[in-house]
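> How does the following fold in three dimensions:
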Amino acid sequence: MSPLADNQWFTEVFDRHGSAFSLKVSEKLLDVQSAYQHLEVYATETFGNLMVLDGCVMLTDRDNFLYHEMIAHPALFTHQQPERVVIIGGGDCGTLKEVLRHPSVQHVTQIDIDEEVTKAAERFFPALVDANDDPRAELLFADGVKWVDEAEDESIDVLIIDSTDPVGPAEGLFKTEFLTRCHRILKPGGVMVQQSESPLYHSGSIIRELRRDMREAGFSSVATLPFPQPVYPSGWWSVTLAGKQCSVESFREEAVAEHTMPLQYYTLAAHRGALTLPPFMRQALDETPVS
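Next up, the predicted model:
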């Protein structure tokens, strides 16, 4: 596609919170209306390529490692022996790449409803898809909610819900009924992780409700891990883990200390620190009385 005029900016506005995020862009590389959402890719001046879905920033070359490492590695290192992993969403394949770094993983099934996202990643974010040919990887383009409905009881070790915001195609992934079905297909000792929005904007709403719904779905423990994410609303993001007959507040620290993966953010200290929520979050989650 043709270059944009000088001084062009892509801006995502967060009206409810009176804020916005902008990146200076030089070219629109892709503009596709799929059966499910509007997909755009831009070249930016300082963040590499930018993927946008329905006007919302999904990822950039520069900082996607933060999200992909934190949605994958805390869950994988919390499980005692992750062998079978399922990713719902994750069409850009960055999470899949991180999961496949773990040698204990024998099979990963990724289910994303929109194949156009993966096609765009293959063209414009090649570093994210370089593990797609791993023989342990299976990519399906289908309805993730339906896939979970049809999966066998107690058949997987780790379930990763790598979804967009809880609207449109991803809305059903945040509901108690769906979480109950996720609990059903996890083995005892299984771990589920879900992206859970901004700690600053959503601790008292989406995050609190997700933690409550996970418990109501039968999970015995929950933990929310915040981390920086410059291109997402407020610049701060989170994932929430839930354990089936296990604690997600502890993890295999020795294994983390000894791994040789070429990671850019996730470390033993980062995992420990993320498990210690700041006071304002504990208060918003109704887990510490306001003094």
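> ranges for the helices of the stretch 51-200 of the chain?
64-78, 94-99, 115-124, 144-150, 176-185, 199-202 (DSSP state H, counting those that start in this stretch).
> Quick one, which of the ones you listed gets closest to residue 250.
helix 64-78 (7.5 Å; C-beta to C-beta). In this view, the C-beta of every residue, glycine as well, is placed from N, C-alpha and C.
> At the geometric centre of the chain, which residue sits there?
residue 162 (3.7 Å; C-alpha atoms, centre = their mean).
> Pretty sure that one sits against residue 98.
No. If you go by C-beta atoms under 8 Å, residue 162 and residue 98 don't touch, sitting 10.3 Å apart.
> Now do the shared contacts for those two.
residue 71 (C-beta atoms under 8 Å, 6 or more residues apart in numbering).
> Give me the contacts around the longest strand along the chain.
Ranked by number of residues, the top strand in the chain under DSSP state E is strand 19-33. With contact meaning C-beta under 8 Å, 6+ apart, strand 19-33 is reached by 1-4, 7-14, 38-47, 49-50, 57, 60, 116, 120, 123-124, 231-235.
> Please list only the buried members of those residues.
4, 10, 12, 39-44, 47, 49-50, 57, 60, 116, 120, 124, 231-234 (16 or more other C-beta atoms under 10 Å).
> Narrow these to those in helices?
Within those, membership in helices is found for 116, 120, 124, as judged by DSSP state H.
> Could you say which one of the helices of the stretch 51-200 of the chain comes nearest to residue 221?
So among these, helix 64-78 is nearest, using C-beta to C-beta, at 9.8 Å.
> Check which residues of the closest one are buried.
Result for helix 64-78 [16+ other C-beta under 10 Å]: buried residues 64-78.
> With stretch 12-22 instead?
By 16+ other C-beta under 10 Å, the buried positions in stretch 12-22 come out as 12, 21.
> pull the CA atoms of that stretch into CSV?
Once non-C-alpha atoms are left out, stretch 12-22 reads as follows in CSV (Å, rounded to 0.1, in the frame of the first residue of the first chain):
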residue,chain,number,x,y,z
GLU,A,12,-6.3,4.6,20.0
VAL,A,13,-8.6,6.7,22.2
PHE,A,14,-9.9,5.3,25.6
ASP,A,15,-12.9,7.6,26.1
ARG,A,16,-14.0,6.0,29.4
HIS,A,17,-10.6,6.7,31.0
GLY,A,18,-9.9,10.1,29.3
SER,A,19,-6.7,8.9,27.7
ALA,A,20,-5.2,7.9,24.4
PHE,A,21,-2.1,6.2,22.9
SER,A,22,-0.4,7.2,19.6
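> all numbers from here: first residue = 484
Sure, I'll start numbering at 484, so the last one becomes stretch 495-505.
> roughly how far is it from the heart of the chain?
Taking C-alpha atoms, centre = their mean, to the nearest Å, one finds the center of stretch 495-505 at 21 Å from the center of the full chain.
> For that stretch, the averaged confidence score.
Summarised as a single mean, pLDDT over stretch 495-505 is 95.
> cool, and stretch 753-761?
Rounded mean pLDDT across stretch 753-761 is 97.
> what's the answer for stretch 683-697, then?
95.
> can you count the residues close to residue 567?
Residue 567 has 17 neighbours, counted by other C-beta atoms under 10 Å.
> any idea how far it lies from residue 640?
5 Å (C-beta to C-beta, to the nearest Å).
> can you check residue 514 too?
For residue 514 relative to residue 640 (C-beta to C-beta), the value is 39 Å.
> between those two, which one's more packed in?
Neighbour count, other C-beta under 10 Å: between residue 514 and residue 640, residue 640 has more, with 24 against 12.
> any weak-confidence spans in the protein?
Residue ranges of the chain with pLDDT under 70: 484-486, 488-489, 647-657, 770-774.
> how about 90 then?
Scanning the chain for pLDDT under 90 picks out 484-490, 646-659, 769-774.
> domain parsing for it?
Here the domain parsing of the chain from automatic domain parsing is 486-543, 547-767.
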